[in-house]
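Undergrad: I need the structure of the sequence given here:
(chains A, B, C and D)
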Number of protein chains: 2
Amino acid sequence: MSLKHLILALVAQKPSTGYEITHEFDAVSSFFWRATHQQIYRELAALAEDGLLRFKAVEQKSKPDKKVYSITAKGRKAFAAWFAEAGSPPRQTDPLMIKFFSGELGGIDELRNQLRLARAAHEARLKRLEAVEAEHYGEPVAEMPRWKQCIYLTLQLGLARERVWLEWADMSDRVLAKGARRS
Amino acid sequence: MSLKHLILALVAQKPSTGYEITHEFDAVSSFFWRATHQQIYRELAALAEDGLLRFKAVEQKSKPDKKVYSITAKGRKAFAAWFAEAGSPPRQTDPLMIKFFSGELGGIDELRNQLRLARAAHEARLKRLEAVEAEHYGEPVAEMPRWKQCIYLTLQLGLARERVWLEWADMSDRVLAKGARRS
DNA sequence: CCTATCTATGCACCAAGTTGCATATGAACT
DNA sequence: AGTTCATATGCAACTTGGTGCATAGATAGG
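TA: Model prediction:
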């Protein structure tokens, strides 16, 4: 289960609160993950219960109290063990593919409409990723520190995926449009 | 929930048993979906309970009895309604990206090892998809019937994704290797 | 006053996915 | 006989993701 390990990694980099992690996810989720605050708090509690994290309660003025989590040695070990495991193939599912699979049943015109809607969403996502790249990754990769290179590479995969999706979408629309003219 | 709709689509194309659907998934999952027989039977029962499918029990000789499901008018309506809905962005998560994100913590050598393992899996998947293409989609797309074009397009996206992933993997390995030589 | 936003945390329930286990018959192989 | 595979169906428990709702204090705006 990978949310657990992403949280361990974040806390290992810097002791953090659930609130901070939630906000980090709002940024990171642009690339490669998504989690709600409910999930994050739930997981933090479980990790602390299992001894992989510990927390210190901190009182604040004019703000609610907060819990700052840090990683334990047991947590570091668990992370390293997971890191060295061979992963299993990620689940890659997209309901739009069901719509394509059942395109004749649902209707080709509606399918093309669905494709247009999805295309707009993917374009918006590509623009967001490009904005992140422009804002944070202006220097040549060879000049980036190691940690930054690694993150940069996750961004590059996100960008490449969006671009290939858009190319595929345009090709699909051409294929479907040709048939439409014929009938 | 999309498994439900994929099942509706399959049953709409041809009345089917849970066993047949499970086997269809084993093939379809190569492209774009995955489901266990437990899920499928669970969903079939729910769809029948809700009146979207009906079934006829059939006795067989030297084989267990089977249930052949077919779609009801209510099921067709539900499918059409879903088909016309704007979908939400698919969840795209890959634990390998967490490993990249936390590459310095986990170790660059191990990260490159993980990349190699993943690369082998993606290459195998690409070969499988290419074999499907060669076996079933030899003719030009313009000559395919409409239903076949739609399925062909799902395959093309699968192929394009795998290819772009492999390009990204090779680029990433080069970036990580350069740093390795430097340190 | 009310509403909205921010900081900060959390309970509860449901949905969807995963895994283990099960029944039963028949055929083929060791 | 036991094992394996195929046909065919299904229960149960747990995990992981999603959604709704909640508490509490402070600040700003209508």
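
Undergrad: can you list the domains in chain A?
TA: As recorded under automatic domain parsing, the domains making up chain A are A:2-84, A:95-182.

Undergrad: make CSV from the ones you listed and add mean neighbour count to it.
TA: Where you see a C-beta, it was placed from the backbone N, CA and C, and this is true even at glycine. Listed next are the domains of chain A as CSV, based on neighbours: other C-beta atoms under 10 Å in any protein chain shown:
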stretch, mean neighbour count
domain A:2-84, 16
domain A:95-182, 17
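
Undergrad: closest to DNA strand D out of those domains?
TA: Nearest to DNA strand D, of all the domains of chain A, is domain A:2-84, at 3.2 Å by C-beta to the nearest atom of the strand.

Undergrad: does that closest one reach chain B?
TA: Yes. Using C-beta under 8 Å from any C-beta of the partner chain, domain A:2-84 reaches chain B at A:2, A:5-6, A:9, A:12-13, A:28, A:31-34, A:79-80, A:83-84.

Undergrad: contact residues of chain A facing DNA strand D?
TA: Within chain A, the residues that sit near DNA strand D (C-beta under 7 Å from any atom of the strand) are A:Met1, A:Ser2, A:Leu3, A:Lys4, A:Arg34, A:Ala35, A:Thr36, A:Gln38, A:Gln39, A:Ser62, A:Lys63, A:Pro64.

Undergrad: so after the lowest-mean-pLDDT helix or strand in chain A, what's the next helix or strand?
TA: Across the helices and strands of chain A, mean pLDDT, DSSP states H and E gives its lowest value to helix A:18-28, namely a mean of 86. Sequence order places helix A:37-49 as the next helix or strand after helix A:18-28, per DSSP states H and E.

Undergrad: coming back round to it: just put the domains of chain A in a markdown table and tack on distance to B:Ala48.
TA: Shown next, in a markdown table, are these (distance: least, C-beta to C-beta, whole Å):
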| stretch | distance to B:Ala48 |
| --- | --- |
| domain A:2-84 | 33 |
| domain A:95-182 | 20 |
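
Undergrad: make TSV out of the ones you listed and add distance to DNA strand C.
TA: Shown next, in TSV, are the domains of chain A (distance: least, C-beta to the nearest atom of the strand, whole Å):
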stretch	distance to DNA strand C
domain A:2-84	3
domain A:95-182	9
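
Undergrad: relative to B:Ala131, which of these is closest?
TA: domain A:95-182 (19.2 Å; C-beta to C-beta).

Undergrad: so for that closest one, mean pLDDT?
TA: Across domain A:95-182, pLDDT averages out at 92.

Undergrad: and A:Lys67, that's in a helix?
TA: No. According to DSSP: H, G, I helix; E, B strand; the rest coil, A:Lys67 belongs to no helix; its state is strand.

Undergrad: for it, which non-adjacent residue is closest in space?
TA: Distance criterion C-beta to C-beta, 6 or more residues apart in numbering or on different chains; nearest residue to A:Lys67, sequence neighbours excluded, is A:Phe55 at 4.5 Å.

Undergrad: strand partners (parallel or antiparallel) of the helix or strand containing that neighbour?
TA: In this assignment (DSSP H and E), A:Phe55 forms part of strand A:53-58. When sheet partners are counted by DSSP bridges, strand A:53-58 sits next to strand A:66-71 (antiparallel).

Undergrad: what's next to the strand it pairs with, contact-wise?
TA: A:8, A:11-12, A:15-19, A:44, A:47-48, A:52-58, A:60, A:79 (C-beta atoms under 8 Å, 6 or more residues apart in numbering or on different chains).

Undergrad: okay, and the beta partners of the residue nearest to A:Lys67?
TA: Applying DSSP bridges, one finds that A:Phe55 bridges with A:Tyr69.

Undergrad: I'd say it and A:Glu49 touch.
TA: No. Counting by C-beta atoms under 8 Å, A:Phe55 stays clear of A:Glu49, with 11.0 Å between them.

Undergrad: what sits against A:Arg163?
TA: A:Leu126, B:Val164.

Undergrad: the longest helix in chain A is where?
TA: Looking only at chain A and at elements set by DSSP state H, the helix with the highest residue count is helix A:146-182.

Undergrad: that helix vs helix B:146-182, what angle?
TA: 160 degrees (axes from the mean of the first three to the mean of the last three C-alpha atoms, to 10 degrees).

Undergrad: circling back to that earlier point, to B:Gln114, which of the domains of chain A lies closest?
TA: domain A:2-84 (7.5 Å).

Undergrad: starting at the chain centroid, how far to the closest one?
TA: Domain A:2-84 has its C-alpha centroid displaced from the chain centroid by 16 Å (C-alpha atoms, centre = their mean, to the nearest Å).

Undergrad: before we move on, what about stretch A:79-96?
TA: Using C-alpha atoms, centre = their mean, the offset of stretch A:79-96 from its chain centre is 13 Å.

Undergrad: likewise stretch A:125-135?
TA: Here stretch A:125-135 is found 14 Å from its chain centre; the criterion is C-alpha atoms, centre = their mean.

Undergrad: cool, and stretch A:108-123?
TA: For stretch A:108-123, the distance to the chain centre is 22 Å (C-alpha atoms, centre = their mean).

Undergrad: contacting residues around it?
TA: Outside stretch A:108-123, the residues that touch it by C-beta under 8 Å, 6+ apart are A:96, A:99-100, A:103, A:162, A:165-166, A:169, A:172-173, A:176-177, A:179-180, B:83-84, B:86-87, B:89, B:146, B:150.

Undergrad: try 6 Å this time
TA: Residues outside stretch A:108-123 that contact it (C-beta atoms under 6 Å, 6 or more residues apart in numbering or on different chains): A:Leu96, A:Lys99, A:Gly103, A:Glu162, A:Trp165, A:Leu166, A:Ala169, A:Asp173, A:Leu176, B:Ala84, B:Ala86, B:Pro89.
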